[in-house]
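Enquirer: I would like to see how this sequence folds:
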Amino acid sequence: MELKKKLKLIRGFLGFTQDQMADVLGLTSESRRARISEWEIGRGEPKRDILIKYSELAKIDTKKLIDDEEVIDIYL
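Expert: Predicted coordinates:
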């Protein structure tokens with residue numbers, strides 16, 4: 001499963017809008033919602049610290065999140 005799909009899946013399971021996800025991740029710039037959108041469509045990837053936050057929110061290992069060969073199961 002591609003990273004972009006995993007990021008969108010995690011946000012969906014959390015029930016967050018892109019703005020809410022940006023808040024939870026600590027993104028502060030005016031383009032923060034656009035950054036979430038770009039990651040979810042594959043026009044870039046978040047930095048490591050953000051990937052770690054996604055992993056913590058989804059309660060999965062960061063390696064599992066970034067490995068395209070891994071499919072994630074989320075139980076929140």
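
Enquirer: Tell me where the model's unsure across the chain.
Expert: Applying pLDDT under 70 to the chain flags residues 74-76.

Enquirer: 80 - rerun?
Expert: The chain contains residues with pLDDT under 80 at 30, 70-76.

Enquirer: The residue nearest the centre of the chain is in what secondary structure piece?
Expert: Geometric centre of the chain, nearest residue: residue 7, 3.3 Å, by Cα atoms, centre = their mean. Element membership for residue 7, per DSSP states H and E: helix 3-14.

Enquirer: quick one: the helix or strand just after that helix to chain centroid distance?
Expert: Where DSSP H and E defines the elements, the next helix or strand beyond helix 3-14 is helix 18-25. Taking Cα atoms, centre = their mean, to the nearest Å, one finds helix 18-25 lying 10 Å from the centre of the chain it belongs to.

Enquirer: for stretch 26-37, same thing?
Expert: Distance, centroid of stretch 26-37 to centroid of chain: 12 Å (Cα atoms, centre = their mean).

Enquirer: quick one: buried residues of that stretch?
Expert: 27, 32-33, 35-36 (16 or more other Cβ atoms under 10 Å). Backbone N, C-alpha and C define where each C-beta goes, glycine included.

Enquirer: I would like the residues contacting it, please.
Expert: Residues outside stretch 26-37 that contact it (Cβ atoms under 8 Å, 6 or more residues apart in numbering) are 7, 11, 18-19, 21-22, 25, 44, 46, 50, 53.

Enquirer: Could you do stretch 67-76 as well?
Expert: 1-3, 6, 9-10, 13-14, 58-60, 63-65.

Enquirer: Go through these and give me the one with the most neighbours.
Expert: Using other Cβ atoms under 10 Å as the neighbour criterion, residue 6 leads these with 25 neighbours.

Enquirer: Next, find the distance separating it from residue 30.
Expert: Distance of residue 6 to residue 30, given as Cβ to Cβ, to the nearest Å: 26 Å.
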